[in-house]
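> Fold the following.
(one chain, ligands or ions: 1)
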Amino acid sequence: MPRGTPSFSITTMPTVTVTRRLRFNAAHRLHNPALSDQENADLFEKCNNPNWHGHNYVLEVAVEGPIDERTGYVIDLSVLKSIVQHEVIDRVDHRNLNVDVEFMRGVNPTAENIVVACWRVLERHVAPGRLRRLRLWETENNYVEYERG
Ligand SMILES: [Zn+2]
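Residues are numbered from 1 along each chain as shown. Here you go, the predicted structure:
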């Protein structure tokens, strides 16, 4: 093996997952128009408040891929931060998820639905890495995850 060549061959290049955490604040109202007002109030409780309310969300974006031989990175985490900032955070931060966000149009903004919408927005932007997992914290105690199957 020539001097200076990494000790991994292409076929054994390890796949690694790297994660960036970003935060945003947004308002929402959970409401299913197929249900009565009382059913919505019983189901969604304070998240059904007619005049909205807010959450301090935390979004963790995990990208997997081989380690790039030149950089030693899967993806530069500052690049990943810029992608998520531009594609998601700038579009949701201090917005109303029910009415202000194009990629949430017509979606009941539960954490589950938000995380799937974010996946669809981000998926094509992290190449040559691949989106591995999104974790969205809605409160200090509650988070949802969406993963590559
Ligand atoms: Zn809520």
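> could you list every residue that touches Asn56?
If a contact means Cβ atoms under 8 Å, 6 or more residues apart in numbering, then Asn56 has Arg23, Asn25 as its contacts. Every residue, glycine included, has its C-beta placed from N, CA and C.
> so it sits in a strand?
Yes. Assignment of Asn56 by DSSP: H, G, I helix; E, B strand; the rest coil places it within a strand.
> hey, what's it bridged with?
Per DSSP bridges, the residues bridged to Asn56 are Asn25.
> and the lengthiest helix in the chain, what's its mean pLDDT?
Secondary structure of the chain per DSSP state H: the longest helix is helix 111-122. Mean per-residue pLDDT for helix 111-122: 98.
> For it, buried residues please.
If you call a residue buried by 16 or more other Cβ atoms under 10 Å, then helix 111-122 has these buried ones: Ala111, Asn113, Ile114, Val115, Val116, Ala117, Cys118, Trp119, Val121, Leu122.
> Stretch 67-76 too?
Neighbour-count burial for stretch 67-76 [16+ other Cβ under 10 Å]: Ile67, Val74, Ile75.
> Stretch 139-149 now?
Buried residues in stretch 139-149, counting neighbours by 16+ other Cβ under 10 Å, are found at Tyr143, Val144, Tyr146.
> For the host helix or strand of the second one, list the C-alpha coordinates in CSV.
In this case it means Val144. Using DSSP states H and E, Val144 maps to strand 143-147. Extracted in CSV, the C-alpha atoms of strand 143-147 (Å, rounded to 0.1, in the frame of the first residue of the first chain):
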residue,chain,number,x,y,z
TYR,A,143,-40.0,13.7,21.3
VAL,A,144,-40.8,11.9,18.1
GLU,A,145,-38.5,10.2,15.7
TYR,A,146,-38.7,9.4,12.0
GLU,A,147,-36.0,7.0,10.6
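> and stretch 94-112, how far out from the chain's middle?
13 Å (Cα atoms, centre = their mean, to the nearest Å).
> Touching it from outside, list them.
Contacts for stretch 94-112 (Cβ under 8 Å, 6+ apart): 24-32, 52, 91-92, 113-114, 117, 120-121, 136, 138, 142-144, 146.
> same thing but at 7 Å, please
25-32, 52, 91-92, 113-114, 117, 121, 136, 138, 144 (Cβ atoms under 7 Å, 6 or more residues apart in numbering).
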